[in-house]
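*Asks:* no FASTA, just this:
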């Protein structure tokens, strides 16, 4: 895996982070859309695992593994921040908060 592809060439940590992909690159990456979509958690895990296996290649380094695990962690946190948190807030309003006095 070419680890440098995941980083911009700079010493500034913030500039190396890549939370959003430019539109021209997104169009190219959309070629990897899966159709039909996975129907189960196991199928989704399989799709992710196959993609990761292709990214890592035959001789991954510790840095490669660390990068992939970091990306998965950030992806998980982003899904929760963008989707899960909003769902939890909605359900809290509908059903009441489990935590008392946490305004």
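*Replies:* Done, it's in. Since this is a predicted model, take the numbers as computed values, not measurements.
*Asks:* where along the chain do the helices fall?
*Replies:* Here the chain has its helices, by DSSP state H, at 13-16, 23-29, 41-56, 62-79, 85-95.
*Asks:* give the buried residues for the fourth one.
*Replies:* Buried residues in helix 62-79, counting neighbours by 16 or more other CB atoms under 10 Å, are found at 64, 67-68. In this view, the C-beta of every residue, glycine as well, is placed from N, C-alpha and C.
*Asks:* could you tell me the angle between it and helix 85-95?
*Replies:* Orientation check (axes from the mean of the first three to the mean of the last three CA atoms, to 10 degrees): helix 62-79 against helix 85-95 gives 30 degrees.
*Asks:* can you add distance to residue 35 and mean pLDDT and give the helices of the chain back as JSON lines?
*Replies:* Output for these, formatted as JSON lines (distance: least, CB to CB, whole Å; pLDDT from 0 to 100):
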{"stretch": "helix 13-16", "distance to residue 35": "33", "mean pLDDT": "46"}
{"stretch": "helix 23-29", "distance to residue 35": "15", "mean pLDDT": "79"}
{"stretch": "helix 41-56", "distance to residue 35": "11", "mean pLDDT": "93"}
{"stretch": "helix 62-79", "distance to residue 35": "21", "mean pLDDT": "94"}
{"stretch": "helix 85-95", "distance to residue 35": "26", "mean pLDDT": "93"}
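*Asks:* residue 101: which of the ones you listed is closest?
*Replies:* With CB to CB as the measure, helix 85-95 is the member of the helices of the chain nearest residue 101 (13.9 Å).
*Asks:* contacts for the closest one?
*Replies:* Outside helix 85-95, the residues that touch it by CB atoms under 8 Å, 6 or more residues apart in numbering are residue 98.
*Asks:* try 10 Å this time
*Replies:* By CB atoms under 10 Å, 6 or more residues apart in numbering, the surrounding residues in contact with helix 85-95 are 79-80, 97-99, 102.
*Asks:* tell me the one among those residues nearest to residue 28.
*Replies:* residue 79 (22.4 Å).
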